[in-house]
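# requesting a structural model of the entry that follows:
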Amino acid sequence: MYILASFQYSLHLELAITDLIERGITREHLFAVPLEVRGETREIFDTIHHADGVSMFDGAAILGAALMTLGVIYGFVHEWGPVIWGLAGLVGGFGLGFVIDYLNGIKRHSKKNRRREQLSEVIIMVKCNASQVDLVKQVFWGHQALGLGVLPGKKPA
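Alright, predicted model coming up:
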């Protein structure tokens, strides 16, 4: 039988492997595969094939509408009139909102990458007989395995 377990790359993984070796599982029956973390480049604008769920235009539209309204209101008092001040508020608010959303996106993306670098996983595969399955499961769950699966071996004909 084969038992597959997923671990974060940490001291618990090393302790689980050592514990299995001490309990009679030989090194030839252990197989470990570290998973690579995919490095992504940040795209500012969403495409039809990729969207990250963060809109760059929400804050820009809200701030543009708010400053346009203030420009129209106070444009009656100022020299150029409400139309010019409303358009100036719209352009200025939209630009300011876009810059704020862009800077927040960069900040959020850098935190996400740091977190992703720490979350590298390792898959462990153990070949054992049916009497050792419960022992291996107990060791893996005791050392904080993320997931576990049992693959039965060949059935007799």
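# return the list of helices and strands in contact with the helix or strand of the chain with the lowest mean pLDDT.
Taking mean pLDDT, DSSP states H and E as the measure, the chain has helix 82-118 as its least confident helix or strand, at a mean of 81. Packed against helix 82-118 by the contact rule (3 or more Cβ pairs under 8 Å, 6 or more residues apart in numbering; DSSP states H and E) you find helix 58-75. All C-beta spots, glycine's among them, are computed from the backbone N, C-alpha and C.
# and the helix it packs on, what does it pack against?
Looks like helix 58-75 contacts helix 82-118 (3+ Cβ pairs under 8 Å, 6+ apart).
# ok, back up a step: please identify the pairing partners of the helix or strand just after the least confident helix or strand of the chain and their relative orientation?
Going down the chain from helix 82-118, the next helix or strand is strand 121-127, by DSSP states H and E. Sheet partners assigned to strand 121-127 using DSSP bridges are listed as strand 2-8 (antiparallel), strand 30-34 (antiparallel).
# what's the angle from the first one to helix 82-118?
What separates the directions of strand 2-8 and helix 82-118 is an angle of 130 degrees, with axes from the mean of the first three to the mean of the last three Cα atoms, to 10 degrees.
# can you name the residues in contact with the strand or helix carrying H12?
Element membership of H12 [criterion: DSSP H and E] is helix 11-22. When contacts are defined by Cβ atoms under 8 Å, 6 or more residues apart in numbering, helix 11-22 is touched by residues 5, 7, 27, 30, 32, 122, 124, 126, 136, 139-140, 142-145.
# pull out the buried residues from it.
Of all the residues in helix 11-22, those buried under the rule 16 or more other Cβ atoms under 10 Å are 13, 16-17, 19-20.
# low-confidence regions, this structure specifically.
Across the chain, the ranges flagged by pLDDT under 70 are 38-54, 109-119, 154-157.
# hmm, try it at 90
Low-confidence segments of the chain, defined by pLDDT under 90, span residues 1, 8-13, 24-26, 34-60, 78, 80, 101-121, 128-133, 144, 151-157.
# L35 and E121: what is the separation?
From L35 across to E121, the span is 5 Å (Cβ to Cβ, to the nearest Å).
# could you dump stretch 16-35 to CSV, C-alpha only?
Extracted in CSV, the C-alpha atoms of stretch 16-35 (Å, rounded to 0.1, in the frame of the first residue of the first chain):
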residue,chain,number,x,y,z
ALA,A,16,7.7,12.7,10.9
ILE,A,17,10.3,11.2,8.6
THR,A,18,12.6,10.5,11.6
ASP,A,19,9.7,9.0,13.5
LEU,A,20,8.8,6.7,10.6
ILE,A,21,12.4,5.5,10.3
GLU,A,22,12.6,4.8,14.0
ARG,A,23,9.4,2.7,13.8
GLY,A,24,10.7,0.4,11.1
ILE,A,25,10.0,2.0,7.8
THR,A,26,13.2,1.9,5.7
ARG,A,27,14.5,4.9,3.8
GLU,A,28,14.0,2.9,0.5
HIS,A,29,10.2,3.0,1.2
LEU,A,30,10.1,6.8,1.7
PHE,A,31,9.8,9.2,-1.1
ALA,A,32,9.6,13.1,-0.7
VAL,A,33,8.8,15.6,-3.4
PRO,A,34,9.0,19.3,-2.7
LEU,A,35,6.6,21.4,-4.7
